[in-house]
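Enquirer: The sequence and its predicted three-dimensional model are supplied below.
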Amino acid sequence: MKTISFLLFALTLGAQQYPNYPSETPAKFEPVTSSFDYTRREEMIPMRDGVKLHTVILIPKGARNAPILLTRTPYNADELTGHAQSSHLGPILNGYDNALEVIIEGGYIRVVQDVRGKYKSEGDYVMNRPLSGPLNPTPVDHATDTYDTIDWLVKNTPESNGKVGMLGISYDGFLPLMALVNPHPALKVSVPMNPMVDGWMGDDWFHNGAFRQQNIPYIYEQVGTRANDAKWWTSHHDDYDLYMSAGSAGELAQRHGMETNGFWRKMLAHPAYDEFWREQAVDRVLAARPLVVPTMLVHSLWDQEDIYGAIAVYKAIKPKDTGNDKVFLVMGPWHHGQEIEDGSSLGALKFPMDTALYFREHILRPFLDQYLKDGAPKSGVAPVTAYETGSNRWLSLNSWPGASQASRLYLARAGKTAFTSGDSGFDEYVSDPAKPVPFRARPIKPTGYDTCATWACWLVDDQREASGRPDVLVWTSDVLTEPLKIAGQPAVNLTASTSGTDSDWVVKLIDVYPDEVGGQPQMGGYQLMVSADIFRGRYREGFDTAKAIEANKALLYKFALPTANHVFLKGHRIMVQVQSSWFPLYDRNPQTFVPNIFWAKPEDFKRATQRVYHSSYIELPAARSLTVAAR
């Protein structure tokens, strides 16, 4: 009876009519923006296959005959054009990925577009979408999307002069390179900054075959959803513990449910440098294309993410620049993307000027103005503008690295480096996968950009902690009585053996500061990495095929370290460190050969005795005088 009564009461209540209580929200809200110093337009620009891409167009009030600066991005066009709620262009653009002074002071029309498949753009997302061809069966790619976008912009932006420049950092730097494949006639200049170029050789995903497993969270979020709203989760305060808990990178990803992530599946299927990676390496792609658009490649000397790409593209396309007036290179003392931030310091390093502001005002802006503004004068920017660290000065050069002679720095006996031939002895250490060498001081925080502690500055961390470990070999020069300059890529010639059947080799070239530094006490004895990288031993005979290493046999491992432009000052020392893990940035090598390290089992991880022979050396590119002007 109680149940029946309750049902009758509910039905009676539902039948009652309540008075209308209108919503206070208007049917259509129209913000009043007449006081703004810009006009904001949002367009869905159609591509040749019918897909429409969300595009934000910011036009300075009163703009006429103004050039367009375009950035295409997978990182949310609304966010990149809405860093603040303001009536002024400056605050809303003050952040990634905007070279603020250049845009505002130059009076440019700013355009930012979501790439297909991300945020408000239609279509399917593919990580670094390859060009139409063997890896992409569709007729559309970033080259065609850029062409179609520029074509629409110059026809539908009456405030513009019909000239377009592209620029961007990282993934946004990869996209101005793709625009060069078949450039629209209105594209007058391209500025790829810290671009993703070859994910296997030395940018985001691998370095010489060693997997950068701390990028798994990026893949998880970037590919997981259109709006990056599925967030990576962790179970440990220290990333070192997180990655150790899973054992292998494949196991960690599996625990996070990444089996449905298309790019991750491709990663697992292509651990070696096969056709999948070679076909989409942008330096190879552009080497086969005509050189048409003036291009400025911007490189950070301590780029913790894409330290390979800009230099690789420069090497690939510079030979086509017969007039030395189409391909430009800028190298600054920055971390990834720091060229649009404060550049007066980098971690513990202090510079005598804001190097990033200098780049934006004295290099980037006049360079863009020359090609994009009607009647603008020539910029006077040199073919190469390189910051020389150590001496801390800007150099204007005709080429990079120019005429040079290499000096061999041997890893000699008694922990000493020497410029004379090494002997037949060796030094050894035990590499234990159960206790891998941390790549920075613990606790290691997840990758992020809020402070140097999270990610951006690890390449300039003090290496003293590593140099005191028993599983890190160290060679140090005598105190320098004269400055020593290197300019270019140091080349590793490591003769080594392992008791295992696979091994990683990490080589670090380090500037050791004097025991005491007046005026900057914290730099006393500081061990600054100038150039360092990792090499996965299974690829000693070729990157395309993994092969087991013959145990206990001295073998030669040759690989290049990242580009440096550095002066080891008088009173400093040169140090080399060698180790076999850099964790958890790179996944652990089990030191037992397995077909695919992504799925190495606990029983595969074994201790190994590593020997480095004194015939090993690093070829230091000691540049002759190339300076046109020093600033």
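Expert: Perfect, I can see it now.

Enquirer: CA atoms for contacts and neighbours, from now on please.
Expert: Noted.

Enquirer: Can you name every helix or strand that the host helix or strand of Leu509 contacts?
Expert: Leu509 is located in strand 504-512, with elements delineated by DSSP states H and E. Contact partners of strand 504-512 among helices and strands, from 3 or more C-alpha pairs under 8 Å, 6 or more residues apart in numbering; DSSP states H and E: strand 527-536, strand 573-579.

Enquirer: tell me the angle it makes with strand 527-536.
Expert: On the basis of axes from the mean of the first three to the mean of the last three C-alpha atoms, to 10 degrees, strand 504-512 is oriented at 160 degrees to strand 527-536.

Enquirer: Kindly export strand 504-512 (C-alpha atoms) in PDB.
Expert: This file holds the C-alpha atoms of strand 504-512, laid out as PDB (Å, rounded to 0.1, in the frame of the first residue of the first chain):
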ATOM      1  CA  ASP A 504      74.100   1.400 -24.400                       C
ATOM      2  CA  TRP A 505      76.900   3.900 -24.400                       C
ATOM      3  CA  VAL A 506      76.400   7.400 -23.100                       C
ATOM      4  CA  VAL A 507      79.200   9.900 -23.800                       C
ATOM      5  CA  LYS A 508      79.300  13.400 -22.300                       C
ATOM      6  CA  LEU A 509      81.800  16.200 -23.100                       C
ATOM      7  CA  ILE A 510      82.000  18.500 -20.100                       C
ATOM      8  CA  ASP A 511      83.500  21.800 -19.200                       C
ATOM      9  CA  VAL A 512      84.800  21.700 -15.700                       C
END
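
Enquirer: Okay, now the sheet partners of that strand, with direction.
Expert: With DSSP bridges as the test, strand 504-512 is paired with strand 527-536 (antiparallel), strand 573-579 (antiparallel).

Enquirer: Any regions of this structure where pLDDT drops low?
Expert: Within the chain, the stretches with pLDDT under 70 are 1-15, 403-404, 422, 623-631.

Enquirer: so where do the strands sit in the stretch 351-500 of the chain?
Expert: With strands called from DSSP state E, counting those that start in this stretch, the stretch 351-500 of the chain shows them at 384-388, 393-397, 404-411, 417-418, 426-431, 473-476, 484-488, 491-498.

Enquirer: Give me the contact list for the shortest one.
Expert: It stands for strand 417-418. Applying C-alpha atoms under 8 Å, 6 or more residues apart in numbering, the contact partners of strand 417-418 are Leu409, Tyr410, Leu411, Ala412, Trp475, Thr476, Ser477, Ile574, Met575, Val576.

Enquirer: quick one: Tyr276 and Ser531, what's the gap?
Expert: Careful, residue 276 is Phe; it's not Tyr. Distance, Phe276 to Ser531, using C-alpha to C-alpha, to the nearest Å: 28 Å.

Enquirer: Compare those two (neighbour count), which wins?
Expert: Neighbours per residue (other C-alpha atoms under 10 Å) separate Phe276 from Ser531, with Ser531 holding more: 23 against 16.

Enquirer: Hmm, Pro562 and the more buried one touching each other?
Expert: Yes. Look at Ser531 against Pro562 with C-alpha atoms under 8 Å: they come within range, at 5.7 Å.

Enquirer: before we move on, back to that, same list, the strands paired with strand 504-512, but as CSV with distance to Trp334 please.
Expert: Formatted as CSV, these follow (distance: least, C-alpha to C-alpha, whole Å):
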stretch, distance to Trp334
strand 527-536, 12
strand 573-579, 22
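
Enquirer: quick one: which of these is nearest Asn128?
Expert: For these, the distance to Asn128 is smallest for strand 527-536, at 23.7 Å, taking C-alpha to C-alpha.

Enquirer: what's next to whichever helix or strand comes after the closest one, contact-wise?
Expert: As assigned by DSSP H and E, the chain's next helix or strand after strand 527-536 is strand 555-560. Here strand 555-560 makes contact (C-alpha under 8 Å, 6+ apart) with Gln489, Pro490, Ala491, Val492, Asn493, Leu494, Thr495, Ala496, Ser497, Phe535, Gly537, Arg540.
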